[in-house]
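Asks: One predicted model, sequence on top.
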Amino acid sequence: MAGNEVGYVIERDKFDKYLASMAADAGADIMVKTPAVDAIVDAGGVVGGVKARVGGRLEDIRCDFVLACDGFESEFARWAGMKDFLLPPPSDMVSALQYRLRGISCDRDYVDFHFGSIAPGGYIWVFPKSEGGGQRWHRR
Ligand SMILES: Cc1cc2nc3c(=O)[nH]c(=O)nc-3n(C[C@H](O)[C@H](O)[C@H](O)COP(=O)(O)OP(=O)(O)OC[C@H]3O[C@@H](n4cnc5c(N)ncnc54)[C@H](O)[C@@H]3O)c2cc1C
C-alpha cells in the first residue's frame, strides 16, 4: 500500500553470477573459492594487495589498489589497519529469520510488509518469487 514502486525482487545467486559474467566479459579474472585471508601492507601503510588461499596454498596477489567488497563486517578493512572499521556493537545489529515457502497466497506484483504487533520491534516482509512461492524475512 506504499503507493509507489519501492523495489525489485532479485535472485541474489543469479544476480551475482550475472555481475561476474559482465566483469569477465570486460576483462576481469574471476577466482572462485579464493578467500582473502590478509592484506598485504607495504611500507608507509600502503595496501599493496591481498593474501589469498588459492587451492589450499597461500598466494600474494599484488595490485595497484584493492576494492574490498567483503560485506558490512569487512575484515579486510581491519587487516589493512583501518581501525575505524571495527564491528558495530551488538546493540546496533539485528538478526533475521528467512523461510522459503511454497503454496502461499501472494500477489506477484507486490512485496508485503507487516509492521506492528505481528513483529514487535521489527518487521516481516514477503517477497514473491514464483507462482505460489515466496521468501519471508522476519527481521528484529
Ligand atoms: C536478512 C537480510 C535482508 C536484507 N534485505 C534487503 C533488501 O530487501 N533490500 C536491500 O537492498 N538490501 C537488503 N539487505 C542488505 C543487503 O543484503 C546488503 O546491504 C548487501 O548485500 C551488501 O552488499 P555487499 O556486496 O556490500 O556485501 P555482501 O552481500 O555481504 O557480500 C560480501 C561478499 O564477500 C564475501 N567475502 C567475505 N569475506 C571474504 C573474504 N575474506 N574473502 C573472499 N570473499 C569474502 C562474502 O562471501 C560475500 O559474498 C538485507 C540483508 C539481510 C541480512
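Replies: Cool, the structure landed.

Asks: any idea which helix is longest in the chain?
Replies: Counting residues, the longest helix in the chain under DSSP state H turns out to be helix 12-25.

Asks: What residues of whatever helix or strand comes next after that one count as buried?
Replies: Next helix or strand after helix 12-25 toward the C-terminus (DSSP states H and E): strand 36-41. Buried residues in strand 36-41, defined by neighbour count with 16 or more other Cβ atoms under 10 Å: 36, 39, 40. Every C-beta, even on glycine, is put in place using the N, C-alpha and C of the backbone.

Asks: how about strand 36-41, does it get close to the ligand?
Replies: Yes - using Cβ under 6 Å from any ligand atom, strand 36-41 reaches the ligand at residue 36.

Asks: Give me the three-state assignment for the residue nearest in space to the middle of the chain.
Replies: By Cα atoms, centre = their mean, the mean C-alpha position of the chain lies nearest to residue 71, the distance being 5.6 Å. Per DSSP: H, G, I helix; E, B strand; the rest coil, the secondary structure class of residue 71 is coil.

Asks: begin at 34 from here
Replies: Let's use 34 as the start, then, which means that last one is residue 104.

Asks: For it, what are phi and psi?
Replies: phi 90, psi 180 (degrees, to the nearest 10).

Asks: Next one: residue 91, what pLDDT does it get?
Replies: As predicted, residue 91 sits at a pLDDT of 97.

Asks: measure it to the ligand for me?
Replies: The spacing between residue 91 and the ligand, counted by Cβ to the nearest ligand atom, to the nearest Å, is 13 Å.

Asks: before we move on, what about residue 93?
Replies: With Cβ to the nearest ligand atom as the criterion, residue 93 and the ligand are 15 Å apart.

Asks: the inter-axis angle of the helix or strand hosting that residue versus strand 69-74?
Replies: Following DSSP H and E, one finds residue 93 within strand 90-95. Angle, strand 90-95 to strand 69-74, by axes from the mean of the first three to the mean of the last three Cα atoms, to 10 degrees: 40 degrees.
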